[in-house]
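[1] When you get a sec, could you give me coordinates for this:
(chains A and B)
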2 protein chains.
Amino acid sequence: MPQRTVFFVSDQTGVTAETLGHSLLTQFDGLEFRPVTVPFVDSIDKIEQLAGRIDAVARDEGLRPIVFTSLVDERLRARLLACNALVLDFFEAFLAPLEQELATMSSHALGKPHRMADVATYNLRIEAINYAMAADDGHSTQHYSEADVILTGVSRSGKTPTCLYLALQYGIFAANYPLAEEDLESGLLPERLMVFKDRLYGLTISPQRLRQIRLERRSVGRYASAQQVSFELRAAERLYKRYNIPYMDTTHCSVEEIASTILSVTGIERRVRP
Amino acid sequence: MPQRTVFFVSDQTGVTAETLGHSLLTQFDGLEFRPVTVPFVDSIDKIEQLAGRIDAVARDEGLRPIVFTSLVDERLRARLLACNALVLDFFEAFLAPLEQELATMSSHALGKPHRMADVATYNLRIEAINYAMAADDGHSTQHYSEADVILTGVSRSGKTPTCLYLALQYGIFAANYPLAEEDLESGLLPERLMVFKDRLYGLTISPQRLRQIRLERRSVGRYASAQQVSFELRAAERLYKRYNIPYMDTTHCSVEEIASTILSVTGIERRVRP
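    Residues are numbered from 1 along each chain as shown, chains lettered A, B, ... in the order given. Sure thing, here's the model as predicted:
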């Protein structure tokens, strides 16, 4: 089956066009796409060059490309729409109904979407990131008093990336406590953690998935053995239940989904909006 | 001026609907919006509850809300469209033209967009995150041989968040080297860094902005003084030029934009796609 080329075009980073386009394309099972991201298209020169490239792909591959875009400038958008491609532009689709509803003309101003937040918000995000990094080892509890949430779980259940994502995306102060062998064996939380029990949120995962992840990482030794993985997960879940710690199964979840679920379940307020 | 309520509704995390909606709303200068994110709306019960909430807001505020959504399930979408609100659904807008172009019916399957990547990709992202965290201090160069890129710059120029974003979003191994007082004073890079000179990428920022950021963080002492900030930035830029290190000004850039610019300028291939 011929592979269709898909362009993600933006006058900014292209992340929105990618996310958007990607979630639409995953609705077409079995088709293969060749993704090309073209960020920072913000001048006539750049759009002309890109238009030439798109038309060349259409010609060479005998299949017109699909273009996902969020160009703000109407002239650039118009040039793109003249290409031999299916151009899906979400500004084109949504600005007009918004203008009508708000009875306001949009500013069509470039660079607005990802405009940098104010200094306080920026610093808050950085502080949250630094916090997540400092509070990642789990060896000391000195940082826990500042935590919005403390994620806990066995190795490779998703704690660290989720903490960082919570910090980057939402400015949340997320610490993490890796369950140690002795916690799992005794079935007891260490005394110094008990003060913060109400901030704990547990992660679990299916033994099959955890084994896959650990095997891929380190294929020998006890770490990825079926027996060890099962023991750790059973012990962790028993511990969550004993202490009434809310927890979730991350087996079928992306980092984004784990983070979003935690906010939704715990009611923790995000400190920063995108 | 009355504040319009905006709902971001998703059967997943809502991040796409938020990003999309946010970039559209920033085109309407001076209008104020009250954002409400409602993730994981994946059943008739949940959509009914949400529909009631949206209609109540319309009634209480005397202004119908705006709803950005990316619901895959047609029944849920239909229920939302019946609300007293401006509903902008990007599946509604884009699926039909895509189906026609691809001559394929979409699967309308829930949960596809953010389906977890395969194990190898997942581990790669995590390894990149762990790498960024381990290589963040700049004290040791032992990790630099594995780096795709080594960001350098003065304190608070954006190194750490950019490294983490590169890891989370693109699976890139990004280390960072904070320019030390002695580097800035001597105008020379330390010998141990010279082997990796070709992987260096410099960040700079305007003195005004850096001062604002540092003041907000620590308002006393030399750290945020006008003189110190100017000295550090001038010395850093001189150093980039001396060694032909490519660099960018992050003053008006978000972390996402810095990351995207670096990929675009250096040609480093992303290891992971969203």
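
[2] separation between A:Arg79 and A:Gln49?
    Distance of A:Arg79 to A:Gln49, computed by Cβ to Cβ, to the nearest Å: 11 Å. The way it works is simple: take the backbone N, C-alpha and C, and place the C-beta from them, glycine included.

[3] go on, A:Ala132?
    Computed as Cβ to Cβ, the A:Ala132 to A:Gln49 distance reads 40 Å.

[4] Same check on A:Asp148?
    46 Å.

[5] between A:Arg79 and A:Gln49, which one's more packed in?
    Summary of the neighbour comparison: A:Arg79 and A:Gln49, criterion other Cβ atoms under 10 Å in any protein chain shown, with A:Arg79 having more neighbours (17 against 13).

[6] ok, and the closest non-adjacent residue to that one?
    On the basis of Cβ to Cβ, 6 or more residues apart in numbering or on different chains, the spatially nearest residue to A:Arg79 that is not a chain neighbour turns out to be A:Ile47, at 4.8 Å.

[7] Touching, the one you found and A:Val41? I think so.
    Yes: with contact defined as Cβ atoms under 8 Å, A:Ile47 counts as touching A:Val41 (5.8 Å).

[8] if I look at those two, which residues touch both of them?
    Shared contacts of A:Ile47 and A:Val41, defined by Cβ atoms under 8 Å, 6 or more residues apart in numbering or on different chains, are found at A:Leu76.

[9] List the contacts of A:Pro190.
    Applying Cβ under 8 Å, 6+ apart, we find A:Pro190 in contact with A:Asp183.

[10] Ok, A:Gly171 next?
    Going by Cβ under 8 Å, 6+ apart, A:Gly171 touches A:121, A:124-125, A:128, A:270-272.

[11] Let's see that with 6 Å instead.
    Contacts for A:Gly171 (Cβ atoms under 6 Å, 6 or more residues apart in numbering or on different chains) come out as A:124-125, A:128, A:271-272.

[12] Tell me the one among these nearest to chain B.
    The shortest distance between chain B and any of the contacts of A:Gly171, using Cβ to the nearest Cβ, involves A:Arg125 and amounts to 6.8 Å.

[13] Got the phi and psi for the closest one?
    Reported as degrees, to the nearest 10, the phi and psi values for A:Arg125 are phi -60, psi -40.

[14] Apart from its neighbours in sequence, what residue is nearest it?
    Nearest residue to A:Arg125 in three dimensions, chain neighbours excluded: A:Gly171, at 5.1 Å (Cβ to Cβ, 6+ apart).

[15] Now A:Asn123: closest residue in space, sequence neighbours ignored.
    Computed as Cβ to Cβ, 6+ apart, the closest residue to A:Asn123 that is not its neighbour in sequence is B:Glu216, at 5.1 Å.

[16] how many neighbours does A:Asp29 have?
    Using other Cβ under 10 Å as the criterion, A:Asp29 is surrounded by 11 other residues.

[17] How is it assigned, secondary-structure-wise?
    Local secondary structure at A:Asp29 is given as coil here, using DSSP: H, G, I helix; E, B strand; the rest coil.

[18] Contact partners for it?
    The neighbours of A:Asp29, taking Cβ under 6 Å, 6+ apart as the test, are B:Ser107.

[19] How about A:Gln212?
    With contact set as Cβ under 6 Å, 6+ apart, A:Gln212 has these partners: B:Val119.

[20] do you know how far it is from B:Tyr122?
    9 Å.
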